[in-house]
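Engineer: Could you work out the structure for the sequence below:
(chains A and B)
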Amino acid sequence: MTQDVEAGTVEVNGLPMRVWRKGAGPAIGFFAGYGGLPRWIPFLDALAAHRTVIVPSLPGFPGGERGHAALDTHLDWVVAARQLLVGAGLDGADLIGSSVGGALAAEMAALWPGSVRRLALIAPFGLYDAADPPADPWAQRGDRIAALMCAEPANWTALKAPPGGANSIDWPIEQTRANEAAARLLWPLGNTRLEKRLGLITAPTMLLWGAADRVMPASYARRIRERLRAPSELVTIPGAGHLAELDQPDAVAAAILRWCAN
Amino acid sequence: MKLMWFHLMPYTELPDDFRERHPSVWVDIHSSLFDPKRAHLMYNDFMDELEYAADCGFDAVCVNEHHSNGYGLMPSPNLIASALSRRTTDTAICVMGNSLALYNPPTRVAEEFAMIDVISGGRLIAGFPVGTPMDTCYAYGQNPSMLRERYLEAHDLVMRAWTESETFAFNGRYNQQRYVNIWPRPVQRPHPPVWVPGGGSVETWHWCAEMDYVYCYLSYYGYKAGKQTMKGFWDEMARLGKDRNPYRAGFLQFVGVGESRQHAMELYAEAAEYFYGRCLHVDPRFATPPGYVTEASQRAGLASQVQRASGGVLGSTTGTRMAAVAREMDAIVENGYVIVGSPDEVVEQLHEVADELNVGHLMLLLQFGNMSKELTRYNTRLFAEKVMPRLRDKFAQWEDRWWPQPMARAERAEVPAFMPKLAAE
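Structural biologist: As a prediction, the model looks like this:
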């Protein structure tokens, strides 16, 4: 599966952030969700079959070293994401952001409107509605995370299972670090005040939501669309949880490829 | 050695079926369990008990900070400490302590501690905990990824606020203040002694050694479980070339004194089982916010996991340890969480604790769980009369450089005599 994946790096605040690249055709970027990408996933292959998929690691997520530790404010995060996007060759390309990565993908499109051609957000963080709060991913028993993140818990477990021969100490530390990086950006409510900036987005925006998302309530899709001035569409993915791209890689990729084909 | 009387101020009327009916004593404990009129009596009992301990001759009275917590009713220990400053005369007042990252700006801690130090005539011990995950990250919403950096920066700000004579600007990563100039300034110069309660992380030990602060291991699991941590501390001090002065360290121990071991078992079983059964019932989902445990400590924990599994050592954060605790009196005593016995037996065991752990500052929990005021007074008086005199001279060859240096008695204010009414009796 990982054959033909090209791995490079982009430097952010003096640290190398991993950038994966695979496929041919116009570029499409992906900012991963909660937990990041400790390994290549089938969703990326589904995209790479039709496009050049480019996957920069956000600081602190797998492939992102301890880059989060230098980021103290939301402005720091947004600037780091912008440096990654430009450094990875994604300026002006289509962009996908899932979950935590969705909060930053939306900022790219809002603050640098020319930098994102078409946008796809999979259950993004960034908003908070007191009447319908998202689940708190940092206040969970360890054995409940899998069922929180995916409709099929085995899909999360497969993402996070240590590969054969991996250093048994570094691997769990890297996974905890990903949760810490998400916390550094979003603690305690997940509210980056993205809501204020949604109206600045000019890129046509697809929202994708797992029908069984147990983290981010479906009402957030409506809330986001009400504030977008750009054309938008909502696609609900049956049989998918919060990280819909893990549960239903083909359906999510197909919807996004259709949206970006225009 | 120093014998210090510590109060956690537990709510004493959690229901019998608390464990079954409620997920957690901490963070989201239900408000319906709190009766303010009953708590009025509890607070007044607890403050009477602290004053009583001071009258009995304990070297210090100790209070601490918890938030949204059914076994710790002191979100602001400074309020209690200020009252104690007026109702005690020579006893040290140990605030163990203020979680520095929770105060905005942290100069609030410099100010309030300075107030207590001035009111008490220089009797304050300034405790600076990072704070538990439950208190800091969940109840107070602090970002676990920034908590330690904020703590260290706040410490630097407080120290400068206490010691610099001119108004200064503080340009920190997390705190910016144009005019730092606290009034009042502490009596103790250059500043009150600083004690740091912490878990077993090497970073904390290094920092205490570097700053010449007292390291305190405030565990609820007694001397047997504390041995490994304190050994690690002293090994590290040796590596850093520090002496084995037992006053570099503090340790918390529950104690129940009776006429005999059996008598003590009978007297204290209910209170101990209340504490270990109900007070430590914390939902594990609040145990480990990511980033709270440093990667160096995670690495050390993972590396020794195999050893730990076989050795039965408790988990790495407050919450994970609480999940594994013994809750029946026999096991509570067997594990060393609570030391019980006749005065002779308690003396013998505390000598062993002091020797094995090499701690000069012993913080004693003589009230715990739902222990009544009457039993607390009994335990306190028996300890003061029969146990304390036989431990006082221990470690006499060492100097305690970390103890408060109050103003001379003749310089201190006359505090009008106060006759306590037995309000809650």
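Engineer: what does chain B put close to chain A?
Structural biologist: Applying C-beta under 8 Å from any C-beta of the partner chain, we find that chain B lies next to chain A at B:137-138, B:141, B:143-146, B:173-174, B:284-286, B:289-291, B:295, B:298-299, B:302-303. C-beta here means a position set from N, CA and C on the backbone, and glycine is covered the same way.
Engineer: Filter those down to the buried ones, ChimeraX style.
Structural biologist: Remark: buried members of the residues of chain B next to chain A, expressed as a ChimeraX selection using 16 or more other C-beta atoms under 10 Å in any protein chain shown:
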select /B:137,138,143,144,145,146,174,284,285,286,289,290,291,295,298,302
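Engineer: Okay, and which of the residues of chain B next to chain A map to helices?
Structural biologist: Filtering these for membership in helices, criterion DSSP state H, returns B:295, B:298, B:299, B:302, B:303.
Engineer: Excluding chain neighbours, give the residue nearest to the fourth one in space.
Structural biologist: In space, residue B:302 comes closest to residue A:169 once its chain neighbours are excluded; the distance is 4.8 Å by C-beta to C-beta, 6 or more residues apart in numbering or on different chains.
Engineer: Tell me who's in contact with that neighbour.
Structural biologist: Neighbouring residues of residue A:169 by C-beta atoms under 8 Å, 6 or more residues apart in numbering or on different chains: B:299, B:302, B:303.
Engineer: ok, which stretches of the stretch 151-262 of chain A are strands?
Structural biologist: Secondary structure of the stretch 151-262 of chain A (DSSP state E, counting those that start in this stretch): strands at A:205-210, A:232-237.
Engineer: looking at the ones you listed, which is closest to chain B?
Structural biologist: Closest to chain B of the strands of the stretch 151-262 of chain A, according to C-beta to the nearest C-beta: strand A:205-210, at 22.4 Å.
Engineer: which residues of chain A score low on pLDDT?
Structural biologist: A:1-2, A:166-167 (pLDDT under 70).
Engineer: So which bits of the stretch 151-262 of chain A are right by chain B?
Structural biologist: Residues of the stretch 151-262 of chain A lying near chain B (C-beta under 8 Å from any C-beta): A:168-169, A:172-173, A:176-177, A:179-184, A:187-188.
Engineer: How far does the biggest helix by length in chain B sit from its chain's centre?
Structural biologist: Looking across chain B with DSSP H, the single longest helix is helix B:36-56. Remark: helix B:36-56 is offset 17 Å from the chain centroid, using C-alpha atoms, centre = their mean, to the nearest Å.
Engineer: and the next element down the chain from it?
Structural biologist: Once the chain leaves helix B:36-56, the next helix or strand it forms, by DSSP states H and E, is strand B:60-63.
Engineer: For whatever residue of the stretch 101-250 of chain B ends up closest to chain A, list the residues it contacts.
Structural biologist: For the stretch 101-250 of chain B, the residue closest to chain A is residue B:145, as judged by C-beta to the nearest C-beta, at 3.7 Å. Shown in contact with residue B:145 (C-beta under 8 Å, 6+ apart): A:68, A:69, A:180, A:181, A:183, A:184, A:187, B:290, B:291.
Engineer: Buried by neighbour count, from those residues: which ones?
Structural biologist: For the contacts of residue B:145, buried by 16+ other C-beta under 10 Å: A:68, A:69, A:180, A:181, A:183, A:184, A:187, B:290, B:291.
Engineer: looking at the strands of the stretch 151-262 of chain A, which is buried most?
Structural biologist: Highest mean neighbour count of the strands of the stretch 151-262 of chain A: strand A:205-210, a mean of 24 (counted as mean count of other C-beta atoms under 10 Å in any protein chain shown).
Engineer: which neighbours does that one have in its sheet, and in what orientation?
Structural biologist: strand A:116-122 (parallel), strand A:232-237 (parallel) (DSSP bridges).
Engineer: which helices and strands does the helix or strand following the first one pack with?
Structural biologist: Along the chain past strand A:116-122, the next helix or strand (assigned with DSSP H and E) turns out to be helix A:145-149. Identification of packing neighbours for helix A:145-149 by 3 or more C-beta pairs under 8 Å, 6 or more residues apart in numbering or on different chains; DSSP states H and E yields helix A:153-160.
Engineer: Give me the spatial nearest neighbour of residue B:10, chain neighbours excluded.
Structural biologist: Leaving aside its chain neighbours, residue B:10 sits nearest to residue B:71 (4.1 Å; criterion: C-beta to C-beta, 6+ apart).
Engineer: Return the residues in contact with residue 215.
Structural biologist: Unless you meant another one, I'm taking chain A. Counted by C-beta under 8 Å, 6+ apart, residue A:215 has contacts A:34, A:99, A:123, A:134, A:135, A:137, A:148, A:149, A:241, A:242.
Engineer: meant chain B, my bad for not saying
Structural biologist: So residue B:215 contacts B:195, B:196, B:198, B:204, B:205, B:208, B:233, B:248, B:249, B:250 (C-beta under 8 Å, 6+ apart).
Engineer: where's the residue of chain A most remote from its centre relative to residue A:171, distance?
Structural biologist: Residue farthest from the centre of chain A, counting by C-alpha atoms, centre = their mean, is residue A:165 at 27.5 Å. Distance, residue A:165 to residue A:171, using C-beta to C-beta, to the nearest Å: 11 Å.
Engineer: for the strands paired with strand A:205-210, which one sits closest to residue B:27?
Structural biologist: strand A:116-122 (30.5 Å; C-beta to C-beta).
Engineer: chain center to that closest one, what's the gap?
Structural biologist: 11 Å.
Engineer: Could you find the closest non-adjacent residue to residue A:6?
Structural biologist: Nearest one to residue A:6, counting by C-beta to C-beta, 6+ apart, is residue A:21 at 4.5 Å.
Engineer: Figure out the helix or strand that the one you found lives in.
Structural biologist: Here residue A:21 is assigned to strand A:15-22, by DSSP H and E.
Engineer: Can you spell out which helices and strands pack onto that strand?
Structural biologist: In terms of contacts (3+ C-beta pairs under 8 Å, 6+ apart), strand A:15-22 is packed against strand A:6-12, helix A:42-48, strand A:52-56, helix A:74-87.
Engineer: Tell me how far stretch B:21-39 lies from the chain's centre.
Structural biologist: For stretch B:21-39, the distance to the chain centre is 22 Å (C-alpha atoms, centre = their mean).
Engineer: Determine which residue lies closest to the centroid of chain B.
Structural biologist: residue B:96 (4.7 Å).
Engineer: So what's the residue count around residue A:262?
Structural biologist: 8 (other C-beta atoms under 10 Å in any protein chain shown).
Engineer: how near is it to chain B?
Structural biologist: Distance from residue A:262 to chain B, counting by C-beta to the nearest C-beta, to the nearest Å: 39 Å.
Engineer: which ones are touching that residue?
Structural biologist: Listed by C-beta under 8 Å, 6+ apart, the contact partners of residue A:262 are A:118, A:204.
Engineer: could you point out the longest strand in chain B?
Structural biologist: strand B:249-257 (DSSP state E).
Engineer: Parallel or antiparallel, list what pairs with it.
Structural biologist: strand B:214-217 (parallel), strand B:338-341 (parallel), strand B:361-365 (parallel).
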